[in-house]
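Engineer: test case, fold it:
(one chain, ligands or ions: 1)
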Amino acid sequence: MLTEQDLHGVFVPIVTPFDLEGGLDLDSLSKLVQQFITKGIHGLVVNGTTGESPAIEPDELELIIKSVRNASPASQEIPVIVGTGTNNTASTVKKTIQAKTHGADAALVVTPYYNRPSQQGIIQHFASLAEAGLPIIVYDIPHRTGVSLELDTLRTIMHMAHVIGLKDSTGNVKQVRELTCSISKPVLCGDDELFFDSLCCGATGGILASANVNTDQFIRVFELFKAGKVSDAKLLFDSLLPLVNLLFAEPNPAPLKWFLAEIGHIRSDKLRLPMTTISPELQQQLKAIVSLEKKVSR
Ligand SMILES: O=C(O)C1=N[C@H](C(=O)O)C[C@H](O)C1
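Structural biologist: Below you'll find the model as predicted:
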């Protein structure tokens, strides 16, 4: 089981590869995991936003966790965090217990979306998760959930014993700084373009969809930063930004899946409805990056 001390470095929220009929492509998933581990990833996240959690059935989640765990001998050891958040407290507890049974080390729990609970309701939601017996990482992403966590609410939740950290996707680095100054638990950046800025504000790492493609370079940014080579970390991070921006130019994970399929890391860019593939314009822009990278690596 994960502890606060384990929440540092680069965590990759893995895409869930599908075959052309929309079924799970566990073979591509397993190969992705092997690549991430070879590159030295600090941890894996399955069934996050990038893993298309709203479109994954409970029996599929079990297969996904098992296939990530069994991808290589090293994937038995690496932290595996599973997205289990829903907008129903009882089903979130149930899903978190199931994730634990299938081999999760921690759960990533998004704030309850759509039903717009009160701050008190959100506190009770996270308090109820103590029952699941799995360490919890709170996932604050107001532009997706439609609900904002007030700073006091966040502090109350972060003091709960079963909560080991926060994934911050608010886009508000000032809040990251305020939190890291006032709470001792780790904050991970969940907003790719702010990874470097968040590290400067005290974040201990990031859960970054873009790290599905530039894994080693994101890890290098983190290592350079930790070694005090801040301007080298910034230079490298700045060089990653054009691709990061394109990967979020249309709803994640559509651009990312298209890119991964184009470079041959997954067999198809298939998404499950209501997610759809990217526009021809974005395809052209991403293709330009792929050919540029091919030229550089020649
Ligand atoms: O799946 C995730 O975890 C992430 N989701 C965010 C989003 O899609 O908005 C982005 C972040 O890179 C990680």
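
Engineer: quick one: stretch 172-188 near the ligand?
Structural biologist: No - Stretch 172-188 does not reach the ligand (Cβ under 6 Å from any ligand atom); its nearest approach is 9.5 Å. Backbone N, C-alpha and C define where each C-beta goes, glycine included.

Engineer: would you mind measuring the gap between the ends of that stretch?
Structural biologist: Stretch 172-188 has an end-to-end distance of 13 Å (criterion: Cα to Cα, to the nearest Å).

Engineer: same check, this time on stretch 99-119
Structural biologist: End-to-end span of stretch 99-119 (Cα to Cα): 26 Å.

Engineer: can you check stretch 259-277 too?
Structural biologist: In stretch 259-277, first residue to last residue: 11 Å (Cα to Cα).

Engineer: same thing with stretch 142-155?
Structural biologist: Span of stretch 142-155 from end to end, Cα to Cα: 17 Å.

Engineer: which residues are in contact with that stretch?
Structural biologist: 49, 110-114, 116-117, 119, 122-123, 138, 140, 157, 166, 169-171, 175, 178-179, 182-183 (Cβ atoms under 8 Å, 6 or more residues apart in numbering).

Engineer: tell me where the chain has helices.
Structural biologist: Using DSSP state H, the helices of the chain run over 26-39, 58-69, 89-102, 119-128, 142-145, 151-158, 173-182, 195-200, 215-226, 230-247, 254-262, 280-297.

Engineer: adding mean pLDDT and mean neighbour count as columns, could you present those in JSON lines?
Structural biologist: Listed next are those as JSON lines, based on pLDDT from 0 to 100; neighbours: other Cβ atoms under 10 Å:
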{"stretch": "helix 26-39", "mean pLDDT": "97", "mean neighbour count": "19"}
{"stretch": "helix 58-69", "mean pLDDT": "96", "mean neighbour count": "17"}
{"stretch": "helix 89-102", "mean pLDDT": "98", "mean neighbour count": "18"}
{"stretch": "helix 119-128", "mean pLDDT": "98", "mean neighbour count": "17"}
{"stretch": "helix 142-145", "mean pLDDT": "96", "mean neighbour count": "15"}
{"stretch": "helix 151-158", "mean pLDDT": "96", "mean neighbour count": "18"}
{"stretch": "helix 173-182", "mean pLDDT": "94", "mean neighbour count": "16"}
{"stretch": "helix 195-200", "mean pLDDT": "98", "mean neighbour count": "22"}
{"stretch": "helix 215-226", "mean pLDDT": "98", "mean neighbour count": "20"}
{"stretch": "helix 230-247", "mean pLDDT": "98", "mean neighbour count": "17"}
{"stretch": "helix 254-262", "mean pLDDT": "98", "mean neighbour count": "22"}
{"stretch": "helix 280-297", "mean pLDDT": "86", "mean neighbour count": "12"}
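
Engineer: distance to Leu188 added to those helices, as CSV?
Structural biologist: Listed next are the helices of the chain as CSV, based on distance: least, Cβ to Cβ, whole Å:
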stretch, distance to Leu188
helix 26-39, 16
helix 58-69, 19
helix 89-102, 18
helix 119-128, 17
helix 142-145, 16
helix 151-158, 13
helix 173-182, 10
helix 195-200, 8
helix 215-226, 11
helix 230-247, 16
helix 254-262, 19
helix 280-297, 26
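
Engineer: which of these sits closest to His8?
Structural biologist: Among those, helix 215-226 comes nearest to His8, with 8.4 Å by Cβ to Cβ.

Engineer: with just CA atoms, put that closest one into PDB.
Structural biologist: Taking Å, rounded to 0.1, in the frame of the first residue of the first chain, the C-alpha atoms of helix 215-226 are listed here in PDB:
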ATOM      1  CA  THR A 215       8.100   9.600 -20.500                       C
ATOM      2  CA  ASP A 216      11.900   9.800 -20.200                       C
ATOM      3  CA  GLN A 217      11.900  13.500 -20.700                       C
ATOM      4  CA  PHE A 218       9.300  14.200 -18.000                       C
ATOM      5  CA  ILE A 219      11.300  12.000 -15.600                       C
ATOM      6  CA  ARG A 220      14.400  14.000 -16.600                       C
ATOM      7  CA  VAL A 221      12.700  17.300 -15.800                       C
ATOM      8  CA  PHE A 222      11.800  16.000 -12.400                       C
ATOM      9  CA  GLU A 223      15.300  14.600 -11.800                       C
ATOM     10  CA  LEU A 224      17.000  17.900 -12.900                       C
ATOM     11  CA  PHE A 225      14.700  19.900 -10.700                       C
ATOM     12  CA  LYS A 226      15.400  17.600  -7.700                       C
END
